[in-house]
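Asker: kindly generate the corresponding structure for this input.
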Amino acid sequence: VAYEQQDYYHSVQWLEESVCVVIPFFCVFLCCIVIMLRIFATNRHFLDNSRYILFAYMLINDTLQLLSSVILFLLVIGLVTFPTVYCVPLLLLSTSTFMNTTLILATMSLERYVAIIYPLQCPAAWRSD
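Answerer: Numbering: from 1, shown residues only. Next comes the predicted model:
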């Protein structure tokens, strides 16, 4: 709001203060993700089930998106300017991980739908008698 009202002093001040909140939360999030991925990697049951594999993909995708967002945020805070050739891959990573989220969620929903409906289907060999 301060930026839209062209109050640049307060908008920069808010951005600088928000760094103190973003970095610790990102570190806590990253630790939780690493713990969950380690559990997935060490337990064979999780590696054999498509539901958990899709969930692990979602965790990795969200981590990459958050990492790219935090990097972009810190670059804006630091007023860092660099050539477009370095900026484009970072923006491409951020955009693609954002778009992948909906695809992974749709795949997870489809997998659950198939898992519920498939056992309810009667094989052709079954007869009513």
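
Asker: how close does the spatially most central residue of the chain sit to A56?
Answerer: Residue closest to the average C-alpha location in the chain (C-alpha atoms, centre = their mean): D62, at 1.2 Å. According to C-beta to C-beta, to the nearest Å, D62 stands 11 Å off from A56. Heads up, the C-betas are built off the backbone N, CA and C, glycines and all.

Asker: after the helix or strand hosting M58, next one along is what?
Answerer: In this structure, M58 sits in helix 50-77 according to DSSP states H and E. Scanning forward in sequence from helix 50-77 by DSSP H and E, the next helix or strand is helix 84-120.

Asker: show me what counts as buried in that following helix.
Answerer: 90, 93-94, 97, 100, 104, 108 (16 or more other C-beta atoms under 10 Å).

Asker: re earlier: now for the residue nearest to the centre of the chain: which residues touch it?
Answerer: Contacts of D62 were listed using C-beta atoms under 8 Å, 6 or more residues apart in numbering, and they are 33, 97, 101.

Asker: with those residues in mind, which one is nearest to N49?
Answerer: Set against N49, the nearest of the contacts of D62 by C-beta to C-beta is I33 (19.1 Å).

Asker: the helix or strand harbouring the closest one versus helix 50-77: what angle between them?
Answerer: Taking DSSP H and E as the definition, one finds I33 inside helix 8-42. Interaxial angle of helix 8-42 relative to helix 50-77 (axes from the mean of the first three to the mean of the last three C-alpha atoms, to 10 degrees): 150 degrees.
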